[in-house]
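K.L.:
Structure for this input, please:
(4 chains)
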Number of protein chains: 2
Amino acid sequence: MPGGVTKGVRVTAHDVAKRAGVSQSAVSRVFTPGTSVSPLMAEKVQKAADELGYRPNVLARSLITGRSRIIGLLVSYLENQFYPEALARLSKAFQAKGYRILVFMVSREDGETDRVVQDLLDHQVDGIVAASVGLSDDVALKCARSGVPAVLFNRGQGHRDLCEVTSDNREGARQVADLFVTAGRERIAHISGWSGSSTARERAAGFKGRLAEHGSSLFAEASGDFTRDGASDAARSLFDVSRAERPDAVFVANDHMAFAVMDVLRFELKLQVPDEVSVVGYDDVPMASWPSYNLTTVSQPLDEMVSATVSQLLARTQKDQIPALHERLPGRLIRRGSA
Amino acid sequence: MPGGVTKGVRVTAHDVAKRAGVSQSAVSRVFTPGTSVSPLMAEKVQKAADELGYRPNVLARSLITGRSRIIGLLVSYLENQFYPEALARLSKAFQAKGYRILVFMVSREDGETDRVVQDLLDHQVDGIVAASVGLSDDVALKCARSGVPAVLFNRGQGHRDLCEVTSDNREGARQVADLFVTAGRERIAHISGWSGSSTARERAAGFKGRLAEHGSSLFAEASGDFTRDGASDAARSLFDVSRAERPDAVFVANDHMAFAVMDVLRFELKLQVPDEVSVVGYDDVPMASWPSYNLTTVSQPLDEMVSATVSQLLARTQKDQIPALHERLPGRLIRRGSA
DNA sequence: ACCTAATTTGCATACGTATGCAAACGATGT
DNA sequence: ACATCGTTTGCATACGTATGCAAATTAGGT
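P.N.:
So this is what the prediction gives:
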């Protein structure tokens, strides 16, 4: 066994220095990329370090350098497959750049978010990504003051200090409107997302706007609140048997809700999709391509959104004074069997 | 605007002390729970701190106290809905206890895991949770030496220094065997998970063992590797049309694969589930209860597993010398429409 | 062989906080 | 009024590392 190793004992740069017969600064330099040391020194220090099992203490290092190489990530709900997917890719991307991520789950818009961001700032994170979560002006200001860049992922807020990376929700929704109109659907409905999110509002606005341009308009509308249960209820109310006429097409504001809607239509109301009613979602999560749903949907350019997020954020950690960009990436209509 | 606040300037306990006309230690004490200060002092310091926008630097604090209140979490793949679910609950549970979590995505069993754990140790995490990921003996030893407790979540390895929290996979699989035999199924197949995981091996062993006790045995078997594509291929090979006889029941090692299997059976092979073939999964992820699948499955006691993980880990961060427990919690057969 | 420039190394200090210790303080009892 | 005890506060130091500066060493050129 390597000499001198004892359980629970912290071995520091001083210990290594003593054993190698050099100074602590020398040890530091050997373990700091970009510094210059003689080959002999490097070898001596490495040897001593290996024997003692030394590893630099990242906390102490961050304390001095002022950068922690940690990114704070806020996520609201993982039921929607889009977010685990986004989380996985963001995480991988940051890891590849040498950053770690501190993850916080926050329930929608209560004061929790502000507390969590404050906590992140206390931890000296180098940047913050808020995935589908809003940031109060107060907290956005605090970030800006601390010099910590933040980017809103899949969410627009129009704040000057915040980067935003979204997909072009209006345009995506317009394509859905085109699809329904071209297919000759006449009673077109919409199940919207939580109205507190820009994503939901933009999709609804784009959809209705385009219908209007076609000289058409919405037959019915209800909010599904971006939850499965909310969407199920919305579907039940829109397709209530007591109604004289029912919709023959429905645009659901995301895939996660669309699955719920299809389940209600097929299994509760015994309606044929797409023969009796077309269903279209938004996001193109992996499950949308599974044959059980085979859902027509609008894809979000996830990889591009992730790349944009990472590069924006890291760029702004390097130099200050880079203005906060608002990127809006194009999606694409994916035609499958449900419409 | 509060006086003296400038952008990008770090305000420290010294600044607050100066403004309040007290010592830095006093400031520290005001912001450290459990210390005693006079009401007057508390008020003065709070006032100055608020005016300057002071917040304690957690890094410096951790450097001294030796505890970071950060838990490292390793996750391998989020496609399987079980893991986002577990992640969300673990995260919430640790947050509730005042801990933050540093998340790492690791691909299955390459050397990456070891590097990541080392990185976590460098960050002075107070504990490590490995969800469905193995830890090499080498790295387990390093954790033990550093005094950092680790727990394997949903994975057994039989290592002395590691906590393990699993569900009783053998018993769950036995219940599935009972179900098939009682229902009079005669050609019983199994699509197993990745053989590198204890979970997969235990489920297979429990299932086969119980069949043997019934005087029966496996009609066919294939590995689905815990992936959707692997399971699809396995289903295609087990139910190949060139075979004289095909299985009339199949136990799939987790829900995530079971969905793939059902899709292949129904949409490629045009088989009726459950009439022509019963399908049973494992985990009871939320999607299993969706009417499109309505999957009979064995539940994992997720909440209990999470509680056990949190309490085990935190207990071992408090006192050393608590032995590493191996907890095995019971699951339950959930009968739905697919079997 | 000598002078200069370039490189390597050690010394000292800083990062921002917590905490043991002793001094100062206030309260209490006789 | 004084002695005693408990509480509050400040001083000094420590945590483990990075880094500016000057001393020491080496290399290079004529």
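K.L.:
With just CA atoms, put stretch A:108-127 into CSV.
P.N.:
Output in CSV follows, covering the C-alpha atoms of stretch A:108-127 (Å, rounded to 0.1, in the frame of the first residue of the first chain):
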residue,chain,number,x,y,z
ARG,A,108,-43.9,26.4,-11.0
GLU,A,109,-44.0,30.1,-10.1
ASP,A,110,-44.0,30.4,-6.4
GLY,A,111,-41.3,32.3,-4.5
GLU,A,112,-39.3,29.2,-4.4
THR,A,113,-37.5,30.1,-7.6
ASP,A,114,-36.1,33.3,-6.1
ARG,A,115,-34.8,31.5,-3.1
VAL,A,116,-33.2,28.9,-5.2
VAL,A,117,-31.5,31.4,-7.5
GLN,A,118,-30.2,33.3,-4.4
ASP,A,119,-28.8,30.0,-3.2
LEU,A,120,-27.1,29.4,-6.5
LEU,A,121,-25.5,32.9,-6.3
ASP,A,122,-24.4,32.1,-2.8
HIS,A,123,-22.6,29.1,-4.2
GLN,A,124,-20.7,31.3,-6.7
VAL,A,125,-22.0,29.5,-9.7
ASP,A,126,-20.5,30.8,-13.0
GLY,A,127,-23.9,30.8,-14.7
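K.L.:
check whether it contacts chain B.
P.N.:
Yes. For stretch A:108-127 and chain B, the contact criterion (C-beta under 8 Å from any C-beta of the partner chain) is met by A:Gln118, A:Asp119, A:Leu121, A:Asp122, A:His123, A:Gln124. From N, CA and C alone the C-beta is placed, and that goes for glycine too.
K.L.:
Check stretch A:48-64 too.
P.N.:
Yes. For stretch A:48-64 and chain B, the contact criterion (C-beta under 8 Å from any C-beta) is met by A:Gly53, A:Arg55, A:Pro56, A:Asn57, A:Val58, A:Leu59, A:Ala60, A:Ser62, A:Leu63.
K.L.:
picking up where we left off before, would you mind giving the residues of stretch A:108-127 next to chain B as TSV with pLDDT and secondary structure added?
P.N.:
Conversion of the residues of stretch A:108-127 next to chain B to TSV gives the following (pLDDT from 0 to 100; DSSP: H, G, I helix; E, B strand; the rest coil):
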residue	pLDDT	secondary structure
A:Gln118	95	helix
A:Asp119	95	helix
A:Leu121	95	helix
A:Asp122	95	helix
A:His123	96	coil
A:Gln124	95	coil
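K.L.:
List only buried entries from the residues of stretch A:48-64 next to chain B.
P.N.:
The neighbour count (16 or more other C-beta atoms under 10 Å in any protein chain shown) marks A:Arg55, A:Pro56, A:Asn57, A:Val58, A:Leu59, A:Ala60, A:Ser62, A:Leu63 as buried among the residues of stretch A:48-64 next to chain B.
K.L.:
circling back: can I have the buried ones of the residues of stretch A:108-127 next to chain B as a PyMOL selection?
P.N.:
Those of the residues of stretch A:108-127 next to chain B that count as buried under 16+ other C-beta under 10 Å are selected in PyMOL with:
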select buried, chain A and resi 119+121+123+124
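K.L.:
Not counting sequence-adjacent ones, nearest residue to the residue nearest in space to the middle of chain A?
P.N.:
With distances taken as C-alpha atoms, centre = their mean, chain A has A:Ala131 as the residue nearest its mean C-alpha position (3.6 Å). Of all residues beyond its chain neighbours, the one nearest A:Ala131 is A:Phe153 (4.3 Å), with distances taken as C-beta to C-beta, 6 or more residues apart in numbering or on different chains.
K.L.:
A:Val37: what secondary structure?
P.N.:
Classification of A:Val37 using DSSP: H, G, I helix; E, B strand; the rest coil returns coil.
K.L.:
show me what contacts it?
P.N.:
Shown here is A:Val37, whose contacts under the criterion C-beta atoms under 8 Å, 6 or more residues apart in numbering or on different chains are A:Ala26, A:Arg29, A:Val30, A:Val45.
K.L.:
I'd like the distance between A:Asp263 and B:Ser292.
P.N.:
In this structure, A:Asp263 lies at 6 Å from B:Ser292, with C-beta to C-beta, to the nearest Å as the measure.
K.L.:
higher neighbour count, the two?
P.N.:
The residue with more neighbours, out of A:Asp263 and B:Ser292 and counting by other C-beta atoms under 10 Å in any protein chain shown, is A:Asp263; that gives 21 against 17.
K.L.:
now the strands for chain A?
P.N.:
The residue ranges that make up the strands of chain A, judged by DSSP state E, are A:70-75, A:100-105, A:127-131, A:150-153, A:163-167, A:188-192, A:220-223, A:249-252, A:278-283, A:296-299, A:326-329, A:332-334.
K.L.:
What pairs with the last one, parallel or antiparallel?
P.N.:
If I follow you right, that is strand A:332-334. strand A:296-299 (antiparallel) (DSSP bridges).
K.L.:
which residues are in contact with the partner strand?
P.N.:
A:172-173, A:175-176, A:179, A:255, A:258, A:274, A:278-284, A:288, A:331-339.
K.L.:
From those, keep the buried residues only.
P.N.:
Using 16+ other C-beta under 10 Å, the buried members of these are A:172-173, A:175-176, A:179, A:255, A:258, A:274, A:278-284, A:288, A:331, A:333-334, A:336, A:338-339.
K.L.:
Within reach of DNA strand D, which of the residues you listed are there?
P.N.:
With C-beta under 7 Å from any atom of the strand as the criterion, the subset of those in contact with DNA strand D is empty.
K.L.:
who does A:Ile128 bridge with?
P.N.:
Beta-bridge partners for A:Ile128, by DSSP bridges, are A:Gly72, A:Ala150.
K.L.:
Now do the contacts for it.
P.N.:
Contact analysis of A:Ile128 by C-beta under 8 Å, 6+ apart lists A:Ile71, A:Gly72, A:Leu73, A:Leu74, A:Val117, A:Leu120, A:Cys143, A:Val148, A:Pro149, A:Ala150, A:Val151.
K.L.:
do A:Ser28 as well
P.N.:
A:Ser28 is in contact with A:Ala13, A:Pro56, counting by C-beta under 8 Å, 6+ apart.
K.L.:
What are the buried residues along the helix or strand bottoming out on mean pLDDT in chain A?
P.N.:
Lowest by mean pLDDT, DSSP states H and E among the helices and strands of chain A is helix A:137-146, with a mean of 90. Of the residues in helix A:137-146, those buried under the neighbour-count criterion (16+ other C-beta under 10 Å) are A:Val139, A:Ala140, A:Lys142, A:Cys143, A:Ala144, A:Arg145, A:Ser146.
K.L.:
Would you mind measuring from A:Phe239 to DNA strand D?
P.N.:
Distance check for A:Phe239 against DNA strand D: by C-beta to the nearest atom of the strand, to the nearest Å, it reads 63 Å.
K.L.:
cool, and A:Asp114?
P.N.:
A:Asp114 sits 29 Å away from DNA strand D when distances are taken as C-beta to the nearest atom of the strand.
K.L.:
hang on, isn't A:His190 packed against A:Ala249?
P.N.:
No. Shown here, A:His190 and A:Ala249 do not form a contact pair, counting by C-beta atoms under 8 Å, at 9.6 Å.
K.L.:
Looking at the two now, which is surrounded by more residues?
P.N.:
Using other C-beta under 10 Å, the more surrounded residue of A:His190 and A:Ala249 is A:His190, with 27 against 24.
K.L.:
ok, the more buried one to A:Phe226 distance?
P.N.:
For A:His190, the distance to A:Phe226 equals 14 Å [C-beta to C-beta].
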